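[1] Got a predicted structure here, sequence first:
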Amino acid sequence: MKQSKLLMPTLREVPADAEVKSHQLLLKAGFIRPVSAGTFSYLPMAKRVLNKIEQIIREEMDRIDANEMLVPEILPAELWQKSGRYTTYGPNLYKFKNRQDRDFILGPTHEETFTQLMADDIKSYKKLPLVVYQIQPKFRDENRPRFGLLRTREFIMKDAYSFSADQAGLDTAFRNMESAYTNVFDRIGLNYRAIVGDAGAMGGSDSKEFSAPAAAGEDIIAYSDTTDYAANLEMAKDFYERQKPTFSAEPLEKIDTPNEKTIEELSQLLDVPAEKLAKTIMFMADGELVAVVTTGDFEVNDVKVQNFLQADTLELAEEGQVKALIGASFGSLGPVKLPENVRLLVDERAADLVNFAAGANEDGKHYLNINWQRDVQLTEENIGDFRTAREGDVAVDGHGHLVFTKGIEIGHIFKLGTRYSKAMGAQVLDENGRQVDMIMGSYGIGVSRLLSAIVEQKADDDGLVWPASVAPFDVHIVPVNTKDDEQAGVASQLEELLTKQGLEVLIDDRKERAGVKFADADLIGLPIRITVGKKASEDVVEVKVRASNTNIEMRVSEVVDSVSVLLNGDK
Ligand SMILES: O=C(C[C@@H]1CCCCN1)Cn1cnc2cc(Cl)c(F)cc2c1=O
Ligand SMILES: [Mg+2]
């Protein structure tokens with residue numbers, strides 16, 4: 001391809017609102033352009049990378065007998081009313097009316113769509129297991145789209161769904177999908193970890209996320225420094241064994257604490273360490289007030305609370321709500337004398353506190369020497385892990401300590417079970433002639449997000465660096481002086497030879513100064529650059545491997561073989 005014919009509007013400067021490297025470089029190199037907050041055009045060079053990524057995904061999906069198909073992006077509200085998600089997903093769900101005033105949504109994901117299809121057409125276990133997938137734009141009206149392609153309101157996802165007649169079929173589909181994902185990410189050349197993920201509102205059991213370590217990642221990943229335990233911080237667990245402390249119960253005492261609101265202030269006043277104090281945080285879970293108690297040295301983990309409650313919505317309670325329902329403000333809350341209708345959840349570390357202090361649910365008052373059972377009824381089903389693990393804690397498997405790193409979620413796979421097949425009526429007759437709900441899994445890869453993840457991990461100070469497996473072109477030929485016929489001759493001869501080898505070649509035929517050509521070549525980051533300069537008269541050109549920034553001079557006759565070797569090493 002001649003660069004003079006290519007739409008690739010490079011920029012000298014980068015817009016100030018681009019905060020992360022991938023956003024800056026994809027804009028600067030003319031790969032993407034914003035259309036509205038959170039929506040982007042993929043210009044030809046980005047589209048070429050997307051095509052390569054999608055091709056790798058297709059090959060790996062086909063390898064595990066997944067069927068590619070494509071469902072509509074506009075969906076009738078009825079589909080999502082059947083699953084109940086039409087109301088539970090709030091403002092992120094794009095809703096609109098058509099010309100007959102009928103309610104529709106823009107699909108953010110498609111469990112309902114595919115399950116309804118199976119419910120309509122698959123009636124016997126003999127037709128299962130089935131795995132279907134698509135590569136399609138998804139729509140989520142994110143409150144704060146940012147970081148370029150990392151968090152957008154429209155993005156390209158590969159979403160797959162598996163349907164089985166029994167649990168074993170789901171386990172197999174999940175295992176196959178996990179191995180297909182490792183092939184995809186290995187072939188792309190990303191480094192990543194499979195980690196424990198939040199199955200959350202998907203109503204399933206376990207889920208795995210694939211996280212690509214990167215400074216721009218929005219997720220915090222906690223992993224053990226000695227074992228292969230790794231989890232999204234939303235799910236990460238530190239090690240704790242319940243104690244059965246022997247103690248003498250001190251009498252409950254109420255004290256004035258006019259100025260003590262925070263754990264630190266209370267710890268100072270009582271000269272008691274934070275881990276011996278109780279922290280009480282109030283939530284609204286599906287409209288009900290819930291009090292969660294942890295020891296003062298931990299934060300409450302809202303994802304763990306929401307999963308424990310299997311609540312559709314969970315948010316921090318407003319102080320006004322708490323004042324109205326409990327009669328006290330933040331900083332004076334505690335587990336003693338909570339109103340009957342407030343659910344109490346106690347973290348296991350807090351459940352082992354004895355003679356501990358907490359707010360008295362009266363402004364400016366705290367209790368000392370609280371003991372469970374005497375002062376507050378506490379049963380095992382109210383006790384769980386509701387805390388956010390901390391860096392340095394012993395990992396849940398009792399070995400190693402937790403280390404934190406930022407990660408980009410590039411994939412997420414779920415064992416869903418029957419939540420959607422029940423809702424949509426997707427049953428099959430099993431071998432005993434009984435109607436059974438299909439058992440489902442759903443599996444996503446953030447295809448457009450992968451563009452940014454690759455840039456975040458591979459780019460350098462000079463610009464983008466594309467792995468050969470997904471590069472927009474394989475080879476960049478840069479004739480230094482286009483007025484020099486000899487150089488132009490060697491350049492087009494090389495283009496012809498390399499193209500005959502099946503390589504994709506971009507030739508910089510622009511009438512630009514050498515410096516501009518070299519800077520642009522470094523910026524767009526094709527894996528191999530061949531500079532055709534003065535030495536062309538001696539039949540010598542310079543080959544640059546972009547990833548390692550190494551330059552090799554060689555004879556024109558050697559180029560084709562060595563370039564193929566250099567590229568295949570990377571593919
Ligand atoms: O998408 C998933 C689960 C899997 C991921 C793999 C591929 C199939 N879906 C989770 N999720 C995330 N954000 C959402 C946002 C909105 Cl607005 C929504 F309505 C639904 C969802 C939603 O369901
Ligand atoms: Mg996810």
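    Looks like it came in fine. Residues are numbered from 1 along each chain as shown. Ligands and ions are numbered 1, 2, ... in the order given.
[2] report the longest strand in this structure, please.
    Counting by DSSP state E, the longest strand found in the chain is strand 402-417.
[3] so what's the one residue sitting closest to the centre of the chain up against?
    Nearest residue to the geometric centre of the chain (C-alpha atoms, centre = their mean): residue 409, 2.3 Å. Residue 409 is in contact with 197, 209-211, 217-219, 232, 446, 449, counting by C-beta atoms under 8 Å, 6 or more residues apart in numbering. C-beta: built from backbone N, CA, C; applies to glycine.
[4] quick revisit: and the longest strand of the chain, what's its mean pLDDT?
    Averaged across strand 402-417, pLDDT comes to 97.
[5] buried set for it?
    Residues of strand 402-417 classed as buried by neighbour count (16 or more other C-beta atoms under 10 Å): 402, 405-417.
[6] ok, for whatever residue of the stretch 251-400 of the chain ends up closest to ligand 1, nearest residue in space, not its chain neighbours?
    As assessed by C-beta to the nearest ligand atom, ligand 1 sits closest to residue 312 within the stretch 251-400 of the chain, at 11.6 Å. By the measure of C-beta to C-beta, 6 or more residues apart in numbering, the closest residue to residue 312 outside its immediate chain neighbours is residue 88, 4.3 Å from it.
[7] returning to that earlier point: what's the closest of the contacts of residue 409 to residue 483?
    Residue 483 has its nearest neighbour among those in residue 449, at 43.7 Å by C-beta to C-beta.
[8] residues touching residue 105, list them.
    74-75, 77, 80, 86, 93-96.
[9] Show me just the buried residues among the contacts of residue 409.
    So, by 16+ other C-beta under 10 Å, the buried ones in the contacts of residue 409 are 197, 209-211, 217, 219, 232, 446, 449.
[10] of these, the lowest pLDDT goes to which?
    residue 197 (89).
[11] element containing the residue lying closest to it once chain neighbours are set aside, please.
    Nearest residue to residue 197 in three dimensions, chain neighbours excluded: residue 209, at 3.4 Å (C-beta to C-beta, 6+ apart). Per DSSP states H and E, residue 209 falls inside strand 207-213.
[12] Kindly format the C-alpha coordinates of that strand as CSV.
    In CSV, the C-alpha atoms belonging to strand 207-213 read as follows (Å, rounded to 0.1, in the frame of the first residue of the first chain):
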residue,chain,number,x,y,z
SER,A,207,-16.2,-16.6,37.1
LYS,A,208,-12.7,-15.9,35.8
GLU,A,209,-11.3,-12.6,34.5
PHE,A,210,-8.3,-12.3,32.2
SER,A,211,-6.4,-9.3,33.3
ALA,A,212,-3.6,-7.5,31.4
PRO,A,213,-1.2,-5.8,33.8
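[13] where exactly do the strands run in the stretch 101-250 of the chain?
    103-106, 130-139, 154-164, 193-196, 207-213, 219-224, 230-232 (DSSP state E, counting those that start in this stretch).
[14] Any idea which of those gets closest to residue 181?
    Residue 181 lies closest, by C-beta to C-beta, to one member of the strands of the stretch 101-250 of the chain: strand 207-213, at 5.7 Å.
[15] Direction included, what does that closest one pair up with?
    Here strand 207-213 is paired, per DSSP bridges, with strand 193-196 (antiparallel), strand 402-417 (antiparallel).
[16] pLDDT at the residue in the stretch 351-500 of the chain positioned nearest to ligand 1, what is it?
    Going by C-beta to the nearest ligand atom, ligand 1 is nearest to residue 444 of the stretch 351-500 of the chain, at 2.6 Å. The score at residue 444 is 98. That number is its pLDDT.
[17] Tell me which helix or strand it sits in.
    With DSSP H and E as the test, residue 444 turns up in strand 439-446.
[18] Perfect, that will be all.
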